[in-house]
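Enquirer: fold the following.
(2 chains)
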Amino acid sequence: MSGIKTFYSRRSFLKVSALAGGGMILSFSWLAGCNPTPEETLTLPKEWFELNSYIKIGENGVVTLMAPNPEFGQNVKTSLPMMLAEELDIDWKDVIVEQADFFPERFDRQFTGGSTAMNRAWKPLRTAGATARKMLILAAAQTWNVPASEITTESGTLLHKPGGKKAGYGEMASKAAKLPVPKEVDLKKVSDFKVIGNSKKNVEGLNIVMGKPLFTLDYKQKGMLIAMIAHPPAFGLKVKSVDDKAARSMPGIKDVFTGKTLADDYVRNGFDTTSFTDLVVIVGNTTWEVMNAKKALKVEWEKIPDKNFEVQGFGGNQKVKIPGGLESTAKHNQMMAEMAKKPGNVLRKDGDPEGAFKKASKVIERTYTCPYLAHNTMEPVNCFAHVTNEGADIYAPIQAPEFIIQTLAARLKMPKEKIHIRLARMGGGFGQRAYGHHLVEAAVISQKLNAPVHLVYSREDDMTYGIYRPTYTATYKAALDENNNLIAYSVKAGGIPESPISRFENRFPAGAVDNYLAEDWKIDSNITIGAFRAPRSNFLGGAEQSFMDEVAELAGKDPIEFRLELFERAIKNPVGKNNDYEADRYAGVLKLVKEKSKWNAGNNGAHRGVAAYFCHRTYVAEVVDLVIKNNRPVVDKVYAAVDCGIVVNPDAAANMGQGAIIDGIGNALYGEMPFKDGAPQKNNFNTYRMIRHSEAPKSVEVHFVKNEIEPTGLGEPLFPPIFGALANALHSATGKRFYEQPFGKQLEAVSRPTQG
Amino acid sequence: MATFNLNINGKKQKVDVDPATPMLWVLRDHLNLVGTKYGCGIGQCGACTVHLGNIAFRSCLLPVSSVADQSVTTIEGLSENGDNPVQKAWLQHDVPQCGYCQAGQIMNATALLKSNPHPSDAEIDKAMDGNLCRCTTYVRIKAAIKTATGV
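Expert: Okay, here's the model as predicted:
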């Protein structure tokens, strides 16, 4: 046992009763109709005793654990409470898991994104569990009049073995809840874990397979109206005038009006990305009626002028320029090619790259590009809001409630305390749902109508709204000496509207090569962008790792051995001081994937490609096997090796890893959002191609490195390297290198499957 | 507006709607059967899959006026307690991530198994290709379908 101090007591130990007068109540969603499995087998207690924000225990020993973070498929609703259960020392079958509302006064960090949930919760949640356990022990010690040190616990039972006494947690819960919070608690040793590391099934599994109303889009309230927004057909346009005569006269339509979300001079935070702030709103009784009437709206659009926004950033506010004009992919590509020729902004320089390139015996230079991508979560953007003078009730798919609440408060002119955000299960997020424009829109509409409103985006609205993965390009250059050792390496990269390597300049292979140069540039744009599963890395994992493969080929070396040589250098004699990776863990996943894929033995003639990448504090190496079917390469099997420290919920972790890999294969082959005159050229799944059943690999093996390092991210890190591993396998299969995403265009033989 | 007498999950239901209204919105907005999901509205994603008789249909493309007295089954009507063999297999393989598309996947898979109790891998792919999963749980879905067939 290692004693650690409870460092967060003010927040996590704030009792509900202390807040009850503030108009804010916790929602007990399990009483409202969505019954999780346990209630069917567990008898609900007469009374709950709250030991801290996360843990309530009933007099009958049933335990409620709060899942603090918004859920969108990574299973945080199951895996985070496992940390509580572990340290509380209870049997998982006695647990009810409840989704917490957004309640920053009570919960530590209710943000799901950036692959941070497990890592950020690791100490606070285990400490909350251990503290509650200690309070139960202290209550038993008082009751039995024995030293606390003689009391042990066993799956929800308190034991005083010397005195032969025994009590369930429920019997001591009332007394424990009244005790002062201990200043220091002991956390379990990793080797003593019983819950963590043992797969637990998704606590919402039954509700999902039964089609229960778990998502915001399923939510209904008496008197609720349906609202939709007509946004401009192209970036660079705004509303000029609206002719709503025809739309107003259509059945079920209640109102049509215009409004504004954020004022131009509002200082936005980094998650206030709002593509269109002028709203044309149409409101009615049912979704179908509003969808139809929206088509009858006649809106005249006009071009936007150049604008400057102030955005809160790390280290102070930044000015962001949004140029007017209607942008196109063809022009973008031309502008990026021109920028790539000019000197960039130097981010890192080691040694003398110019000199080393001059004296090299072999030099290779390659350029990689990727297009904009739409997130295309299966649940389109939507939000419920009911805003009255008393407060705002918001039910929303939102990854980052903490960022949007300040904007809601400013826009509604209402203190944060009066805004209640309930966190719905999201039908996908992938970064897009970190941007809460839909909460502001729904709230503004509800405030205007003084009625409960459900704002719904059609699929077309969702896909053409923006917040895309940016378009990027990167030119890599490498030099080999006469012994085929890497002596110089440079990357010059940029994008619209951001660089893919800004703040990434200390990543591999920086530190593994004497002469290194990283430069970047960017081009302003009015097309909005946002985080997309492993931002920037989702391009670099493909570009850098494809290039590394080609350099290995030029050196006449096995691609895994070539990379291992570089890691060996970074381990023994690293160049520079700020390298942001641990080379031994990086090498570790490559060695593991080499073993698991039987790399040296080959795989019955499959065409193979490998890649390794580090992001979100997790190391991943992947091998793709392609087979040729009907003259086309088809992804047959994928092996992944992952070092994310302790794996809390292994089967759920593997599930997410499999998903990241297949998602990556799909986006690498087909994903793109082109533009013409500012207009997104795809607006639904008939034109935006997504990977389907028949295109998925037959199997995806996810292997984890076993260690006792604290858990790091998993939602994103398996995504980037698959782009590289796939490109390298395609080279093996076709003899051609793939420099431009999506690869499917070059891969003529890949055709759309027929519909079932 | 017109009145339609529908047979949904073995129950008679009466709705007064525009005849062109897709069953998807009749189910979701008028009958509060929200397990059937809206994903694309153009029959490309399969999230809205229901059974018309024993056949899987995209309810977003099915005008209420075309349904007449044919029996419609939604995810809510598939089983009382979530114990249809396909649902059980889904739980056994812990298939869902976000879960949004899964009702449509399950409805499509159950219709497949009614017409073809022992489909091959290629037949599963062909039948399921119209159902998108953005979390790409495809490998587990296939494994669950195989489990449900008893293989």
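
Enquirer: in chain B, which spans are strands?
Expert: According to DSSP state E, chain B carries its strands in the segments B:2-8, B:11-17, B:49-52, B:55-58, B:71-73.

Enquirer: what's the most buried one of the ones you listed?
Expert: strand B:49-52 (a mean of 25; mean count of other C-beta atoms under 10 Å in any protein chain shown). C-beta here means a position set from N, CA and C on the backbone, and glycine is covered the same way.

Enquirer: if we can go back for a sec, could I get the strands of chain B in CSV, plus columns for mean pLDDT and distance to chain A?
Expert: Output for these, formatted as CSV (pLDDT from 0 to 100; distance: least, C-beta to the nearest C-beta, whole Å):
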stretch, mean pLDDT, distance to chain A
strand B:2-8, 97, 12
strand B:11-17, 97, 8
strand B:49-52, 98, 11
strand B:55-58, 98, 9
strand B:71-73, 98, 11
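
Enquirer: my read is that residue B:3 contacts residue B:19, right?
Expert: No - with contacts defined as C-beta atoms under 8 Å, residue B:3 does not count as touching residue B:19, sitting 10.0 Å away.

Enquirer: looks to me like residue A:56 is in a strand.
Expert: Yes - secondary structure of residue A:56, determined by DSSP: H, G, I helix; E, B strand; the rest coil: located in a strand.

Enquirer: ok, how many other residues are close to it?
Expert: 24 (other C-beta atoms under 10 Å in any protein chain shown).

Enquirer: got a list of what it touches?
Expert: Shown here is residue A:56, whose contacts under the criterion C-beta atoms under 8 Å, 6 or more residues apart in numbering or on different chains are A:48-50, A:63-64.

Enquirer: farthest pair within these?
Expert: Every pair in the contacts of residue A:56 was compared (C-beta to C-beta); the two farthest apart turn out to be A:50 and A:63, at 11.3 Å.

Enquirer: of the two, who's got more company?
Expert: Per other C-beta under 10 Å, whichever of residue A:50 and residue A:63 has more neighbours is residue A:63, with 29 against 19.

Enquirer: okay, and the beta partners of the more buried one?
Expert: Residue A:63 has the following beta-bridge partners by DSSP bridges: residue A:57, residue A:95.

Enquirer: make TSV out of the strands of chain B and add distance to residue A:490.
Expert: Compiled in TSV, the strands of chain B are given as follows (distance: least, C-beta to C-beta, whole Å):
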stretch	distance to residue A:490
strand B:2-8	64
strand B:11-17	64
strand B:49-52	51
strand B:55-58	51
strand B:71-73	61
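
Enquirer: quick one: closest of these to residue A:391.
Expert: When the strands of chain B are ranked by distance to residue A:391, counting by C-beta to C-beta, first place goes to strand B:11-17 at 34.8 Å.

Enquirer: how about the residue of chain B found nearest chain A: what's its closest non-neighbour residue?
Expert: In chain B, the residue found nearest to chain A is residue B:35; the distance is 2.2 Å by C-beta to the nearest C-beta. Residue nearest to residue B:35 in three dimensions, not counting chain neighbours: residue A:211, with 2.2 Å by C-beta to C-beta, 6 or more residues apart in numbering or on different chains.

Enquirer: and the one you found, what does it touch?
Expert: Listed by C-beta under 8 Å, 6+ apart, the contact partners of residue A:211 are B:34-36, B:74-76, B:78, B:103.
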